[in-house]
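>>> Sequence below, structure please.
(2 chains)
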2 protein chains.
Amino acid sequence: MRVTLIAAQSLDGFITHHDTAGSAFASEADRAFFKSALKGFDTCVMGAETYRTAREAIRTGLMPDRLRIVVTHTPSAFETDVIPEHLEFINAGAAEIVAELKRRGRTACALLGGSQIHSLFLEAGCVDELWITVEPVLFGSGTGLVAGRTDVHLELLEVQNLSAHTLLLKYKVSR
Amino acid sequence: MRVTLIAAQSLDGFITHHDTAGSAFASEADRAFFKSALKGFDTCVMGAETYRTAREAIRTGLMPDRLRIVVTHTPSAFETDVIPEHLEFINAGAAEIVAELKRRGRTACALLGGSQIHSLFLEAGCVDELWITVEPVLFGSGTGLVAGRTDVHLELLEVQNLSAHTLLLKYKVSR
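Residues are numbered from 1 along each chain as shown, chains lettered A, B, ... in the order given. Coordinates of the predicted model:
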């Protein structure tokens, strides 16, 4: 099971524009990349806040063969949204989630934020790669890529121009 | 007068490793690039904190034909360090500093941090380019590239590999 953190950020490392939740700041080129990239994953994992922000798009865009997992301390609050094998809500740590996905035969998981979920998986050593879109903007404030102090070493795999000014940087997490 | 902000950061936008002042986290490749890049500038501007952190290296590395300006609220505190045309201390805004440098015939200024100085110049519209070294690390905390909320739009000029895993991204500030 390969876990890939996928996010768009400002050059200075913010995944939200100031206090506005979601990644509406991301370019058309990033949205096209993201949509296409997701085809390579049989599972997406996100936090409850990310789910709430994108709920309608997620519920109307559910795909057979792609499980969406929302990590939350209160799965019961989402009981009416559950669609087994399509949209599930769980309260568990990163290693536990990865083990469960493996058990269910899943092979490629996209980690879709937010920063708390990034941290949860990074701190548990459960992220294999980061695919970071760097938008040509400075925000100076917002939600950081990672929630709180960490020390993760990366290896650059690939640099790609998604458009004239938007870059995609792919990194592997060093073990 | 061209002003270029030069900084090394973690992928997630921190110019210091957690609470450790300075850029000791930066790679050998970045240090070599930085040293070589500075040759193209006749002026360097930095904040008092950056000066204090690198004081000995700066004072022993002074060059004829390169003016170092330290921006501080208390130039008098540095009276004994002053070497006219080599190392000066001033209390002024970005536009005023740029005008003064122009008046003195300077043509290329490197802005060397920290984040407060980056903000001072960015908010005044006094930065032409950013040359950002992206080191393959996530810190999650530290001093950000920019101090506080901003909205700066950039245009990507160039991507360069300084080493296998360290990137140099050059951007122009959009007007």
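
>>> which residues sit against the helix or strand bottoming out on mean pLDDT in chain A?
When each helix and strand of chain A is scored by mean pLDDT, DSSP states H and E, helix A:48-60 comes last, with a mean of 94. For helix A:48-60, the surrounding residues in contact (Cβ atoms under 8 Å, 6 or more residues apart in numbering or on different chains) are A:21-22, A:46, A:68, A:70-74, A:78, A:81, A:87, A:89, A:112-114, A:116-117. (Glycine included, C-beta is placed from N, CA and C.)

>>> Counting only helices, which of those residues make the cut?
Counted as lying in helices by DSSP state H, out of these, are A:116, A:117.

>>> Just the buried ones from the contacts of helix A:48-60, in ChimeraX syntax?
Applying 16 or more other Cβ atoms under 10 Å in any protein chain shown to the contacts of helix A:48-60, the buried members can be selected in ChimeraX as follows:
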select /A:21,22,46,68,70,71,72,78,87,89,112,113,114,116,117
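
>>> how far out from the middle of the chain is the least confident helix or strand of chain A?
13 Å (Cα atoms, centre = their mean, to the nearest Å).

>>> Dump it to CSV, restricted to CA.
The C-alpha trace of helix A:48-60 is given here as CSV (Å, rounded to 0.1, in the frame of the first residue of the first chain):
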residue,chain,number,x,y,z
ALA,A,48,-13.5,15.9,8.6
GLU,A,49,-12.8,19.5,7.9
THR,A,50,-11.7,18.8,4.4
TYR,A,51,-14.7,16.6,3.9
ARG,A,52,-17.1,19.3,5.2
THR,A,53,-15.5,21.9,2.8
ALA,A,54,-15.8,19.7,-0.2
ARG,A,55,-18.9,17.5,0.8
GLU,A,56,-21.1,18.1,-2.1
ALA,A,57,-18.4,17.7,-4.7
ILE,A,58,-17.3,14.5,-3.0
ARG,A,59,-20.8,13.0,-2.7
THR,A,60,-21.7,13.7,-6.3
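
>>> Apart from its chain neighbours, what residue comes closest to the residue positioned nearest the centre of chain A?
In chain A, the residue lying closest to the centroid (Cα atoms, centre = their mean) is residue A:112, at 1.4 Å. In space, and not counting its chain neighbours, residue A:112 is closest to residue A:46: 4.3 Å by Cβ to Cβ, 6 or more residues apart in numbering or on different chains.

>>> And residue A:45, by the same measure?
residue A:69 (4.7 Å).

>>> cool, and residue A:157?
Closest residue in space to residue A:157, ignoring its immediate chain neighbours: residue A:170 at 4.4 Å, by Cβ to Cβ, 6+ apart.

>>> The one you found touches residue A:158, doesn't it?
Yes - counting by Cβ atoms under 8 Å, residue A:170 touches residue A:158, with 4.2 Å between them.

>>> Which of these two has more residues huddled nearby?
Using other Cβ atoms under 10 Å in any protein chain shown as the criterion, residue A:170 and residue A:158 rank with residue A:170 on top: 17 against 11.

>>> what does the helix or strand hosting the more buried one rub up against?
Element membership for residue A:170, per DSSP states H and E: strand A:167-173. Here strand A:167-173 makes contact (Cβ under 8 Å, 6+ apart) with A:33, A:122, A:125, A:127-134, A:152-162, B:11, B:134, B:136, B:156, B:159, B:167, B:169.
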